[in-house]
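Trainee: model the following, please.
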Amino acid sequence: MYQIGPEQLVERIGVHNGYLLAFLVTLFGGSSTFTSLAHVTTVSTLALGGLSPFILALVGGVGLFLGDSVYFYLGHRGRKVVSDNKYVNMFVKWINKLPHWSVGIVVYVYFSSFMPNDFMLILFGLGKYSYKKLVIPLLLGDITFIFLVAYLAAQGIKLFN
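Mentor: Below is the predicted model of the structure:
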């Protein structure tokens with residue numbers, strides 16, 4: 001990366017392939033706490049290379065959303081395994097007592113941040129929370145997060161040039 005630079009990388013792979021790369025890396029690389037730096041680095045590099053932060057946010061946000069949805073599904077399917085865990089049951093009771101609008105705000109703010117998404121989505125799945133109620137704030141939070149990464153990277157290079 002140091003030898004060719006972001007601009008030459010985007011030039012070599014092409015704009016359309018750059019957006020495809022952003023989608024695939026956020027889909028697979030953003031869905032785990034251990035690989036989350038891969039999608040942040042990739043999106044930042046593509047934004048530095050001249051790709052639009054808005055399009056990167058839409059493409060990468062959808063990829064991140066789809067990858068995150070797998071963790072909700074795993075939590076939903078695995079709730080029988082941990083149904084006797086008192087901490088999981090406390091979370092279930094707490095989350096189900098909250099008004100749905102407040103859960104949407106918390107989900108949006110949390111997923112717009114640099115916090116790992118997988119653990120929280122597993123808890124929502126274990127808690128039998130409605131996926132339909134999570135879809136919009138989760139998708140918007142993931143899009144916002146990718147936009148922040150891309151925009152800050154693109155603006156950061158302008159500060160130093």
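Trainee: how many residues are close by G14?
Mentor: Counted with other CB atoms under 10 Å, residues neighbouring G14 total 11. Just so you know, the C-beta spots here come from the backbone N, C-alpha and C atoms, and that holds for glycine as well.
Trainee: how close does it sit to G104?
Mentor: Distance check for G14 against G104: by CB to CB, to the nearest Å, it reads 38 Å.
Trainee: repeat for G50
Mentor: Noted for G50: a distance of 35 Å to G104, by CB to CB.
Trainee: which of those two has more neighbours?
Mentor: More neighbours surround G104 than the other of G50 and G104, with 18 against 15 (other CB under 10 Å).
Trainee: my guess is the more buried one contacts P137, does it?
Mentor: Yes: with contact defined as CB atoms under 8 Å, G104 reaches P137; the gap is 4.3 Å.
Trainee: which strands or helices does the helix ranked longest in the chain pack on?
Mentor: Ordering each helix of the chain by length in residues (DSSP state H) puts helix 131-160 first. Judged by 3 or more CB pairs under 8 Å, 6 or more residues apart in numbering; DSSP states H and E, the packing partners of helix 131-160 are helix 36-48, helix 53-77, helix 100-111, helix 117-126.
Trainee: in CSV: the ones you listed, plus mean pLDDT and distance to L24.
Mentor: Formatted as CSV, the helices and strands packed on helix 131-160 follow (pLDDT from 0 to 100; distance: least, CB to CB, whole Å):
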stretch, mean pLDDT, distance to L24
helix 36-48, 83, 9
helix 53-77, 91, 7
helix 100-111, 88, 20
helix 117-126, 84, 17
